[in-house]
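A.B. asks: Provided below for reference: sequence and predicted model.
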Amino acid sequence: MKETAYVNGYIHLIFRKLGEESENRFVYCAGVNMTRFRPLTWGTHGQFMNPAFRGLQLLRLKFLIPAVQEFGGRVRRPSTTDCGEVPEGEGWFRETFELLDVPEDFPEQILQNSVRYLIEVILKVARPGMPPPQAISDPAQLEKELDHLAASCGSTP
């Protein structure tokens, strides 16, 4: 099964091909680790308004869905939640959707900009004025940069 993925300890965005090779269907699995983002988001939001949680929702509403619609595709609740290898452990908030009638190369076209959008939205809300990491293309390097930014924010309870 073809998969395009961006995975580290903070986020995962995974597009898995569904069905026959001729079908343009993908399962989209996205997640943010609320525990890992806690040092960056602690004390910056009200109850149920965590910037990492909200960033994932905004990624879907303001970025993913319009991009799918631009290609004449559709988004719906999935018939499967088989996302392949996703990070394990506590603290993850996840969303899963099925993308229909999108081009074969849609995941490659949208992945890097999705990561950039998500990180920028989270930091804009949680830490206004903090510049986003530059190493978006490499998941391991982005994780290191986010760890460094989190350490600069101090500890949380």
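C.D. replies: Okay, I see it. The structure displayed is predicted, hence computed values, not measured ones.

A.B. asks: CA atoms for contacts and neighbours, from now on please.
C.D. replies: Will do.

A.B. asks: Distance check, Phe15 against Asn24.
C.D. replies: For Phe15, the distance to Asn24 equals 12 Å [CA to CA, to the nearest Å].

A.B. asks: more crowded one of those two?
C.D. replies: Between Phe15 and Asn24, Phe15 has the larger neighbour count (other CA atoms under 10 Å), namely 26 against 18.

A.B. asks: so what's the more buried one scoring on pLDDT?
C.D. replies: pLDDT, Phe15: 92.

A.B. asks: same check, this time on the one 3 residues further on
C.D. replies: We note a pLDDT of 83 for Leu18 in this prediction.

A.B. asks: do the same with Ala5
C.D. replies: Confidence score, pLDDT, at Ala5: 93.

A.B. asks: Make 46 the starting number, not 1.
C.D. replies: Okay, using 46 as the starting number, the last item reads as Ala50.

A.B. asks: Next, give phi and psi for it.
C.D. replies: Dihedral angles of Ala50 (phi, psi; degrees, to the nearest 10) stand at phi -140, psi 150.

A.B. asks: contacting residues for His57?
C.D. replies: 50-51, 74-77, 131-132 (CA atoms under 8 Å, 6 or more residues apart in numbering).

A.B. asks: Tell me how far it lies from Thr89.
C.D. replies: Distance from His57 to Thr89, counting by CA to CA: 23 Å.

A.B. asks: can you list the contacts of His57 in CSV and add secondary structure and distance to Thr141?
C.D. replies: Putting the contacts of His57 into CSV (DSSP: H, G, I helix; E, B strand; the rest coil; distance: CA to CA, whole Å) gives the following:
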residue, secondary structure, distance to Thr141
Ala50, strand, 14
Tyr51, strand, 15
Cys74, strand, 5
Ala75, strand, 6
Gly76, strand, 9
Val77, strand, 12
Val131, coil, 12
Pro132, coil, 14
